[in-house]
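>>> predicted model follows, preceded by the sequence.
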Amino acid sequence: MKPPSASPSSSATLPRKSRLSPYLLSLLAFILFVTILRGEGFLRYIFSSKFNSHRSFHRDQNTSSSTKKKLGERLAYAIGESEKDCDMFQGRWVQDASRPIYEESECPYIQPQLTCQEHGRPDKGYQHWRWQPHGCSIPRFNATLMLESLRGKRMMFVGDSLNRGQFVSMVCLLHRIIPENGKSMDTLGSLTVFSAKEYNATIEFYWAPFLLESNSDEATIHRISDRIVRKGSINKHGKHWEGVDIIVFNTYVWWITGLEYIKILQGSFEDEEKEIVELPTEEAYGLAMESMLGWCTEHMDAKKTRVFFTSMSPSHDKGIDWGRISDGNCYNETSMIDDPTYWGSDCKKSIMDVISEVFSRSKVPITFLNITQLSSYRKDAHTSIYKKQWTPLNPEQVANPASYADCVHWCLPGIQDTWNELLFSKLFYP
Ligand SMILES: *[C@@H]1O[C@H](CO)[C@@H](O)[C@H](O)[C@H]1NC(C)=O
Ligand SMILES: *[C@@H]1O[C@H](CO)[C@@H](O)[C@H](O)[C@H]1NC(C)=O
Ligand SMILES: *[C@@H]1O[C@H](CO)[C@@H](O)[C@H](O)[C@H]1NC(C)=O
Ligand SMILES: *[C@@H]1O[C@H](CO)[C@@H](O)[C@H](O)[C@H]1NC(C)=O
């Protein structure tokens, strides 16, 4: 075979190189040698940036999976690898009569805001779908494997009510193989703990809608319109996450206030004169992401633990997004959106870009669950009006159900079981 012909630029550099005298070359080598010897920090820098940039942010990219193999590294909990070059988060929903994986009535842990059947939802079609990635399949969720792997361990979901939904879904997927007297669920303030006693394992949820300290942290009364987030306050909540073996973060909807900025508190909430600056949402969100990664770098041992981050959960409040002429939302929607490129208007691409940018610089390996696109299709899967109402409905609302439909949260069983199947897949077959 003929060697590839040299490009003009590379041939142009050749003469210059050959002009370096042997003396000059050895001098350069010596300088480099001394620099390395003296610069311990420099060495560490080279090592860590080379090493970490490959390990961090496990997206299903050709490049990252091939580097992963070259380095022969293995993430904690991994027992295999996913099929090569397959992006699990790109695919389509296919009808599957064997779904749901559990029945709503079989899982006593689902909060009344998510039990759609119990609250009168007339259709069940939304339960009978399976996510099918293009080009590979998701391994079957194996509750035994998951629970055995959690023996003597803690798994914690940290974030907002959407993450609480994913937490409950995980509990529902696992609890059936635990005998009745071997499990319990308790809530104390911001922390909810499901315990599997024989396994000495816990699956927990910690309420921190911004991850950072905020004025919306009260576990039950947190509907505050004037939201304020305190800069650099990750440890306020983070001290409750220490010692966790698998952590699953999310944070999104609370940042989206309808305004383009977020109020950031510089000092403390106790200060008499509060110093507050308004930052563009993306910038403020980026600060929280950085704080979260900083916390992980300090507290999560990459050899033994795993960090997941779930992307934005899309809502379906604006029917015009999917071509409704009149106003309308997810209420009465029983079919999904079939435009593969669909992306709702309240789902900020700019936030996805911030996530992407911050994680690409991450020093800790983060497994990213990119559920936004696959969930965007599912306007049929929200709780809508079929949930416990906290305040009695007024006659106007009763006359116009769409006015009080919840198009943010998801019925269980449902789409969040799929998020956990993806988590399962990435945990054991990264
Ligand atoms: C589930 O995992 C357990 C424990 O690793 C294993 O023994 C079992 O064969 C698995 N079940 C299936 C259906 O793969
Ligand atoms: C139970 O699990 C915790 C971690 O969650 C661990 O610290 C403790 O040692 C375990 N106890 C036993 C008896 O295995
Ligand atoms: C709900 O949707 C069906 C068609 O899918 C339509 O016939 C019906 O009028 C709708 N009901 C309401 C209250 O919008
Ligand atoms: C997540 O998936 C969407 C759509 O598939 C893509 O546009 C986006 O770049 C992905 N995000 C990241 C951070 O990889």
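That came through, no problem. Ligands and ions are numbered 1, 2, ... in the order given.
>>> from here on, just use CA atoms for contacts and neighbour counts.
OK.
>>> you'd agree residue 172 is in a strand?
No: Residue 172 is assigned helix when assessed by DSSP: H, G, I helix; E, B strand; the rest coil, not a strand.
>>> which residue is the nearest non-sequential neighbour of the most centrally placed residue in the chain?
Central residue of the chain (C-alpha atoms, centre = their mean): residue 310, 1.0 Å from the mean position. Using C-alpha to C-alpha, 6 or more residues apart in numbering and skipping the chain neighbours, the partner closest in space to residue 310 is residue 369 (4.7 Å).
>>> how about the one you found, what does it touch?
89, 308, 309, 310, 311, 419, 422, 423 (C-alpha atoms under 8 Å, 6 or more residues apart in numbering).
>>> the same query, at a cut-off of 7 Å, please.
Residues counted as contacts of residue 369 (C-alpha atoms under 7 Å, 6 or more residues apart in numbering) are 308, 309, 310, 311, 423.
>>> contacting residues around the strand or helix carrying the last one?
This points to residue 423. Here residue 423, judged by DSSP states H and E, is contained in helix 415-428. The list of residues contacting helix 415-428 from outside it, by C-alpha under 7 Å, 6+ apart, reads 77-80, 131, 138-139, 141, 166, 169-170, 369, 371, 381.
>>> tell me, how many residues neighbour residue 352?
Residue 352 has 15 neighbours, counted by other C-alpha atoms under 10 Å.
>>> ok, now the one 3 residues further on?
When neighbours are counted by other C-alpha under 10 Å, residue 355 registers 19.
>>> just to revisit the earlier point, now the contacts of residue 369 as CSV including pLDDT, distance to residue 326 and secondary structure?
Converted to CSV, the contacts of residue 369 look like this (pLDDT from 0 to 100; distance: C-alpha to C-alpha, whole Å; DSSP: H, G, I helix; E, B strand; the rest coil):
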residue, pLDDT, distance to residue 326, secondary structure
308, 98, 39, strand
309, 98, 36, strand
310, 98, 33, strand
311, 98, 30, coil
423, 98, 38, helix
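>>> tell me which two of those residues sit farthest apart.
Of all pairs drawn from the contacts of residue 369, the greatest distance, 12.2 Å, lies between 311 and 423 (C-alpha to C-alpha).
>>> coming back round to it: in strands only, show me the contacts of helix 415-428.
If you go by DSSP state E, the contacts of helix 415-428 have 131, 369 in strands.
>>> still on that earlier bit, list the residues that contact the residue nearest to the centre of the chain.
249, 250, 368, 369, 370, 371.
>>> kindly report the same for residue 171.
Contact analysis of residue 171 by C-alpha under 7 Å, 6+ apart lists nothing.
>>> where in the protein is pLDDT low?
1-72 (pLDDT under 70).
>>> around ligand 4, pick out the residues from it.
With C-alpha under 6 Å from any ligand atom as the criterion, the chain meets ligand 4 at residues 90, 352, 355, 356, 370, 373.
>>> show me which of those residues is closest to ligand 4.
Using C-alpha to the nearest ligand atom, residue 356 is the member of the residues of the chain next to ligand 4 that sits closest to ligand 4, with 4.0 Å.
>>> quick check: which element contains the closest residue to residue 103 other than its chain neighbours?
Take residue 103 and drop its neighbours on the chain: the residue closest to it by C-alpha to C-alpha, 6+ apart is residue 413, 6.6 Å away. Here residue 413, judged by DSSP H and E, is contained in no helix and no strand.
>>> what's around residue 413, how many residues?
Using other C-alpha under 10 Å, the number of residues around residue 413 comes to 30.
>>> that one contacts residue 106, correct?
No: between residue 413 and residue 106 there is no contact under C-alpha atoms under 7 Å: 10.1 Å.
>>> joint contacts of these two?
Contacts common to residue 413 and residue 106, judged by C-alpha under 7 Å, 6+ apart, are absent.
>>> alright, calling it a day.
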